[in-house]
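Asker: model the following, please.
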Amino acid sequence: MSSAPHHQLRASDQLRASDQLRASDHDRERIVGLLGEHLAAGRLRLGEFEDRVGAAYAAVALDDLDRLLVDLPTINVSKERRRPAMVANLAGQPEGTVAALRGPRHHWATWLLVGVICTAIWIATSVAHGGLQYFWPMWVIGPWGLALLGCRRREPGVWGRHRYG
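Answerer: Here you go, the predicted model:
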């Protein structure tokens, strides 16, 4: 028997074992964040992004995660680098990211879409039951609309052009 404990490996064995180190949830989230940056930069199509995110969450070893980025350039994702892009989006410059969707049109369009979907569900259930049912969508549409109106009256500069551009 060897005098060294069994948990100590030779250098060649350690190199092989390092490829098989188990990935943590933090490792997976970091890779998903990097994939999101590559998607935003246009290096990945949405289908590829979804496939790679699924593979990232299913990854067991760090080597599995590394394979997801092998054909993509290395990027430095820091808060300092991301902040100017978000400010540029709010200033109305086309960046194509979610931050550009903030504003009254986006909020009201989302409210309207959800209101139409809820009302359609209410109509379908009323037809299925053979008569008009209680109009429950008012509990979605009403408070949300009032909140949007309240935000607009309380802070007029938040959505106005004069604040961001």
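Asker: show me how the chain divides into domains.
Answerer: 13-77, 100-164 (automatic domain parsing).
Asker: which of those has the lowest mean pLDDT?
Answerer: The minimum mean pLDDT among the domains of the chain belongs to domain 100-164 (a mean of 80).
Asker: next one: G131 from I123, what distance?
Answerer: Applying CB to CB, to the nearest Å, the value for G131 to I123 is 12 Å. C-beta: built from backbone N, CA, C; applies to glycine.
Asker: which one of those two has more residues nearby?
Answerer: I123 (13 against 6; other CB atoms under 10 Å).
Asker: helix or strand right after the strand or helix carrying that one?
Answerer: Per DSSP states H and E, I123 falls inside helix 104-129. Following helix 104-129 in sequence order, the next helix or strand is helix 138-154 (DSSP H and E).
Asker: helices and strands around that next one, which ones?
Answerer: Here helix 138-154 touches helix 104-129, going by 3 or more CB pairs under 8 Å, 6 or more residues apart in numbering; DSSP states H and E.
Asker: buried set for the helix it packs on?
Answerer: 107, 111, 115, 118-119, 122 (16 or more other CB atoms under 10 Å).
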